[in-house]
Each structure stands twice: as structure tokens, then as C-alpha cells.
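In: What shape does this take:
(2 chains)
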Protein chains: 2
Amino acid sequence: MSISIKRMAQDLKLAVSTVSKALRDSHEISEETKRMVLDYARKVNYIPNPYAGSLTNRTTKNIAVVLPEVADTFFSNAINGIDSVAQARGYHVMVYLTHEQHLREMSILRELRSGRVDGVLISVAAGDGRDISVFNVLCDELPLIFFDRVCEGVNAAQVLTDDFESAYHATRHLLLKGCSEPVLIAPAGELSIIHSRKKGFAAALAEHGIRWDERFFYRCADDQDGSLHSVTALFERHPRVDGVVASVEKVAMQVYAVARERNIVIPRDLKVIAFSNLQIASLLDPPLSTIEQPAFEMGRVAATLLFDALIKKRDVRNERIIIPSVLRERASTAETYI
Amino acid sequence: MSISIKRMAQDLKLAVSTVSKALRDSHEISEETKRMVLDYARKVNYIPNPYAGSLTNRTTKNIAVVLPEVADTFFSNAINGIDSVAQARGYHVMVYLTHEQHLREMSILRELRSGRVDGVLISVAAGDGRDISVFNVLCDELPLIFFDRVCEGVNAAQVLTDDFESAYHATRHLLLKGCSEPVLIAPAGELSIIHSRKKGFAAALAEHGIRWDERFFYRCADDQDGSLHSVTALFERHPRVDGVVASVEKVAMQVYAVARERNIVIPRDLKVIAFSNLQIASLLDPPLSTIEQPAFEMGRVAATLLFDALIKKRDVRNERIIIPSVLRERASTAETYI
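Out: As a prediction, the model looks like this:
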């Protein structure tokens, strides 16, 4: 434990408040006393408490990053992007994991109102029953930036990728490669990105003269076992499904596992494309076609906006930045001739 | 921004110090004034600054997790394990990424001395030139727990996996499957875990009558391009290499990529086993044999030790907990008959 102000005051036979004021260079303290205190502080290697200043000016040099999970290539790369900016500005990154649970998300956001951080970057949890007022209250108090998964109706900046266009292109790709019964698989719960992807998926179908039907949209449980189970159920109920747009990486991996188990050959019987940032997509069997999101860049841009609000006091609330994703065609969606 | 004490004092026409003391339930303030201040604080939804208390008792309810990187299945799972304990105890997790750089690690550790956190969990950076004194100074001031990658000579608790035994079993596995020229590939720099794995590797060779030689140990550059280059150079210089123990996940992926490029067929021409927590190892082409480290559990146990030190004031510095890894045999190390 570093030496405290109290201890220094004892050693110097001064009042605690005198030492404290001397360290803050207060005009109430004589130059002589200040010099004595500062010399002693240097001698005993006194380190000021970083939160001492925050009582008056309320800055902590901490930012919060609120995420559903970290064991996912999108989010881990986004953290790297955020960290690259935060470290350069001398800020500290506090990571809060919601595990896709709204109640946890809300309690985290309430806790963040207490002044522990200067600003918030958030990608919201899936699942239903969000209380939007928690976001609005927090936004009035702190700069808050949404990235990837946003909560509509909150007056805050958004950093997104082109979910509608990406889903449209992915679906069109499946249809052009010969699929006639593709499905979009998404995790349970209301998410802005899933809403956009669903619209993009339907637009591509419409273009091919296929009318939207709820059977094209399949919800998947959130946990590992549940999602394996959901994917198995999908293939049992809809044996004619010949294409999958997986809206999260994990779902694509479950589709691969279930296909292997049921002797469904990818891409011959089933073509698969996934929203994923897996660097090793090309080493899978077969190599997986992906919609690669600019995760690092989205994190970097979101953090930059936050520091613009914090440091330059710029009003960024109406900013809405869209960074496009890239479709990478691999063997899992190859055309097959029988 | 939440309403400040200063603002409340103005509204109530009281001195700031009176409001502050009333909120802290000081005996210097009358019961009547206290009631008035508290009623008003409730009415305007005043939130106390969480760091106000920390000036006197110096607790922040923050813990630091210092890691080389987050985009790696071992570390992201370890964070989940740490987070599971921290959230339950009402602590906040600050994540610091060193990107395997010692200078950055040292500056982070120095910064942590200033009282921003109550304790530290760390998995050290690779690379040479570590200044051990930075660790010793920090350990005198705060509870610090090493997990996975430790810095020897520092008086702090360690949570490890059985690196010697794992490397021994992995190497023995390669030799039993027919390899005669296996190599251990590790990232550059001095790391406790690599030291143990090297010894385990050599022990398995010795048991098979093969004398240790530096040609069996291959260092790999740290970044993506550099490491691809290193792996390519390895196969050019040592075309007889028929087995690889990859000490990090990324290296295994580079071996797969280079093998594919050079028409080296795994497992026929080259058998590969890796220290990795990739959940999708079985979906790779071919499925990758792994030494699966108990990442979540190591994070959970390390965090539990830290809270024992913080909350129960238990001296954990001599604890050394070893949680075994599991060898998962898959097609990448299958015996092949020509």
C-alpha cells in the first residue's frame, strides 16, 4: 500500500487538510509548506489516489464497455479496437459482460450512473423485455455510444455495419448458387441487427419471386446445448431446407456439427454462410463463406466518438456511422452439379 | 451528470460541507438537517460518487485483469471465469491488454499502484527483458495472482495447468503414432509455460531414445504475417519434420495454412497437436487434436483466490494451484498406413 496523506501529515506534524491542500497547490497554503510537503511526498514515493480529483471534477479516466460476451471473434476484435484508442488516450477500460441477459444489463447500467466511469460503449443484449428508460436516464448523465447492436429510440450515437445489405447479398448469393429453400437463423430475442438482416433476407427472396413466410426465419436457443437442439429440430421439421444464413458464428458451428452428424453434405445438400469474424473460416471443413464484419474498426470508431464527446465536448449524439461488411465466398456455398 | 453535493447545498441554502457531512451521517450535524438533506437527496435522485469513500478506506471494488490479448480462446474463456466470480461479489473488472509487450506491461503495472484497483490478476507477456522489480513492488501493495503465465521469483499465488505433463503426453502421442522428427513450436520470448512444455517435450523424446537437440525447438514470430513466415521457413529448412506440438492456437492455424499451401497432407505427412481451447477444433479440416486447458476454471479459481485475499484477508501468496489439461485425440494425429 502506498503511503497515505494521513501518514504524511503525521510524519510532517501537519494537519491532514494542510497536506491535502498543499498537494493540490491551494492558495490557502504557504509556499514554504507546499515545498516541504512536495519534497516529502517525492521522498516517500507518494502516489496520489486517482479518484481523489474525481470528487470535485468527476472524471475517472475510466470507460465502460458493456458486451454480451467476450468469447466471440466479433466482440474480442471490437475490444481490441476500443483498447487501441483508450490506451493511447490514457484511459482505462472496464469490461462488463451481460451474457445476453437484460436484467444483468440493466443492473450494470444503473451501477454505471454512480460516477465510476466517464463514458459508456455498449452493444446490447438480445432477449426481450428491455427497459429503454434505463438507457435514456444514463444518456442524460454520460456520453454513451452504441456499437453493432443498438437500442432504437435512445438519443445516442450509433456505430453499425450494413446489416440489411449484408443479409441481402448473402441471401442472394445462396439463391444464385441454387438454393430454393434458404432459412435465416438468429438467436432468440429482439435485436436491431437481426431486424435489419431479416429485412435484407426478405428483400433478396422477393427479388427471386419468393414471398416472405415465417418459415424462412428460425430462432435458435442461446446456450450451446439449446442451440444444438434447435438446429437439430430445424432439420427434422424442415428437411427441404437447402441453405442457411447464420446470423451468429456459434449458430454456423452448430449447423456444421449437426450436418456432419446427420450426413448432410455441405455444400452439396446444404449451403451455409455466416456473419462471422473467424480468422480460421478457411480452415474449416468445408471452408466457411462469411460476412466479415469490421469488428476492430467498429470498436475503434466507437471509442473515437466517445473521446470526442469526453475530451472535445463535441455533441455526437446524432452521429450514425455505418462501416460496410465484406462477403467472403468459400466452399460452403459453392455451386454443386449432380 | 447526476446532481452534485454543491448543487444540493445551493438548493437547500446550506454549506457544501454541511450537506456532505449530513450524507455521511456525521455527529456534527443535527438530526433535523440530516433528515432534510436525505429527503432532498432522494427527491433529486442523488447518487453518491463511488470513489468518495475510497479516499479514506482506499477500496475501489475494481480488480484489474492484465492479459496479452483477448482474441484468443484461452484468454476469453479465462475472462468469463473471472467475470463469473467478480459479478457475484459486486466487483468491477478492468481489462488491460499488453499485446505481449513488456514495456506496456510495466507501464500498466506502475499505473495500477496508484489505487485504481484493489487487486490484480495477471498472465504475463512473452518477450524478453522483463523487470521483475515492478512485480515485487506491486505485490507489496496489492494482492496479485498469476494465472497460466507466471513470473518466477515473485512472491505471489499461481494458478497453473500441468504444462510439463501435457507437453510430455502430447509428444509421446506423436511418437506413438509414428512421428520420428517432431518439433515444438513456441512464440518468441521467455515464458514460464514454454519452459515447462519444452522440458515435457524433451522427456518424451528421451523416453524414446531420442536425445534433445535445439533443432526440435522452433521459435515463431508473434504477429500474423511473421508467424506465417516462420512456419514456412521451418518447413523449408527442415523438410523431414513430421510432427508439430503447437504451443499456441495461432501457430497451429498457421501450420494448417502453410501445410495446405505446400500440399503437405495432415496427418499423412505431418501430424499436428496444439495447446488450444478452440471449441470448433473438431470442425477443422482435418479435426485438430488438442491439449485443452481448463481456461474458465483457471480464471474462476484465480479470481476466487484474489477475493480470499481481499475480503477474507487470507494470505494466499504461497498458493500454487495446478488444474490439469485434457488431451483430445482427433484426426490430425491419426496413424496413417501407406
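
In: Report the buried residues of the strand or helix carrying residue A:11.
Out: With elements taken from DSSP states H and E, the one containing residue A:11 is helix A:5-12. Taking 16 or more other C-beta atoms under 10 Å in any protein chain shown as the basis for neighbour counts, the residues of helix A:5-12 that come out buried are A:5, A:8, A:9, A:12. C-beta: built from backbone N, CA, C; applies to glycine.

In: and if you look at stretch A:305-313?
Out: Using 16+ other C-beta under 10 Å as the burial criterion, the residues of stretch A:305-313 that qualify are A:305, A:306, A:307, A:308, A:309, A:310.

In: Was I right to think the last one contacts residue A:145?
Out: No - checked against C-beta atoms under 8 Å, the pair residue A:310 and residue A:145 is beyond contact range at 10.4 Å.

In: Between those two, which contacts overlap?
Out: With C-beta atoms under 8 Å, 6 or more residues apart in numbering or on different chains applied, the overlap between the contact sets of residue A:310 and residue A:145 consists of residue A:119.

In: So which residues of chain A form helices?
Out: A:5-12, A:16-23, A:31-43, A:54-57, A:73-89, A:102-112, A:132-141, A:163-176, A:192-207, A:224-237, A:249-261, A:295-311 (DSSP state H).

In: out of those helices, nearest to chain B?
Out: Judged by C-beta to the nearest C-beta, the one of those that comes nearest to chain B is helix A:73-89, at 4.0 Å.

In: which residues touch that closest one?
Out: Under C-beta under 8 Å, 6+ apart, the answer for helix A:73-89 is A:63, A:65, A:67-70, A:92-93, A:95, A:121, A:123, A:147-148, A:249, A:276-279, A:293, A:295-304, A:307, A:311, B:69-72, B:76, B:95, B:97, B:104.

In: Check stretch A:322-338 too.
Out: Contact with stretch A:322-338 is made by A:159-162, A:165-166, A:169-170, A:173-174, A:177-178, A:266-268, A:271-273, A:275, A:281-282, A:284, A:286-294, A:297-298, A:301, as judged by C-beta under 8 Å, 6+ apart.

In: swap the cut-off to 6 Å and go again
Out: Stretch A:322-338 is contacted from outside by A:160-162, A:166, A:169, A:177-178, A:266-268, A:271-273, A:286-294, A:297-298, using C-beta atoms under 6 Å, 6 or more residues apart in numbering or on different chains.

In: just for chain A, where's the confidence low?
Out: A:1-3, A:45, A:47-58, A:127-129, A:338 (pLDDT under 70).

In: give me that answer again for 80
Out: Low-confidence segments of chain A, defined by pLDDT under 80, span residues A:1-4, A:23-27, A:41-58, A:127-130, A:221-227, A:337-338.

In: List the residues that contact the residue positioned nearest the centre of it.
Out: Centroid check for chain A by C-alpha atoms, centre = their mean gives residue A:123 as the closest residue, at 3.9 Å. By C-beta under 6 Å, 6+ apart, the contact list for residue A:123 reads A:67, A:147, A:148, A:149.

In: top of the residues you listed by neighbour count?
Out: residue A:147 (30 neighbours; other C-beta atoms under 10 Å in any protein chain shown).

In: Next, the contact list for it, please.
Out: Counting by C-beta under 6 Å, 6+ apart, the residues that residue A:147 touches are A:123, A:159, A:298, A:302.

In: Can you get me a residue count around residue A:40?
Out: Every residue meeting other C-beta under 10 Å relative to residue A:40 is counted, giving 17.

In: Would you quantify the distance from it to residue A:13?
Out: The spacing between residue A:40 and residue A:13, counted by C-beta to C-beta, to the nearest Å, is 11 Å.

In: Give the other helices and strands that the helix holding residue A:11 contacts.
Out: Using 3 or more C-beta pairs under 6 Å, 6 or more residues apart in numbering or on different chains; DSSP states H and E as the contact criterion, the elements in contact with helix A:5-12 are helix A:16-23.

In: Give me the buried stretch members for the helix it packs on, please.
Out: If you call a residue buried by 16+ other C-beta under 10 Å, then helix A:16-23 has these buried ones: A:18, A:19, A:20, A:21, A:22, A:23.

In: And stretch A:146-162, by the same measure?
Out: Judged by neighbour count using 16+ other C-beta under 10 Å, the buried positions of stretch A:146-162 are A:146-151, A:154, A:156-162.

In: Tell me which two in those are the farthest apart.
Out: The span of those, defined through C-beta to C-beta, is set by A:154 and A:162 at 20.8 Å.

In: Let's have the helices of chain A in CSV, adding distance to residue B:336.
Out: Compiled in CSV, the helices of chain A are given as follows (distance: least, C-beta to C-beta, whole Å):
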stretch, distance to residue B:336
helix A:5-12, 70
helix A:16-23, 71
helix A:31-43, 68
helix A:54-57, 64
helix A:73-89, 32
helix A:102-112, 49
helix A:132-141, 58
helix A:163-176, 37
helix A:192-207, 43
helix A:224-237, 31
helix A:249-261, 21
helix A:295-311, 38
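
In: For residue B:315, find the nearest of these.
Out: Each of those was scored for nearness to residue B:315 using C-beta to C-beta, and the closest is helix A:5-12 (22.9 Å).

In: Name the residues that touch the closest one?
Out: Contacts with helix A:5-12, where a contact means C-beta under 6 Å, 6+ apart, come from A:16, A:19, A:20, A:40.

In: can you do 7 Å?
Out: Under the contact criterion C-beta atoms under 7 Å, 6 or more residues apart in numbering or on different chains, helix A:5-12 has outside partners A:15, A:16, A:19, A:20, A:36, A:37, A:40, A:41, A:44, A:46.

In: now do stretch A:32-48
Out: By C-beta under 7 Å, 6+ apart, the surrounding residues in contact with stretch A:32-48 are A:2-3, A:8, A:11-12, A:18-19, A:22-23, A:25, B:113-115.

In: re earlier: now flag whichever of the buried residues of helix A:16-23 is closest to residue B:217.
Out: In terms of C-beta to C-beta, no member of these lies closer to residue B:217 than residue A:23, at 52.9 Å.
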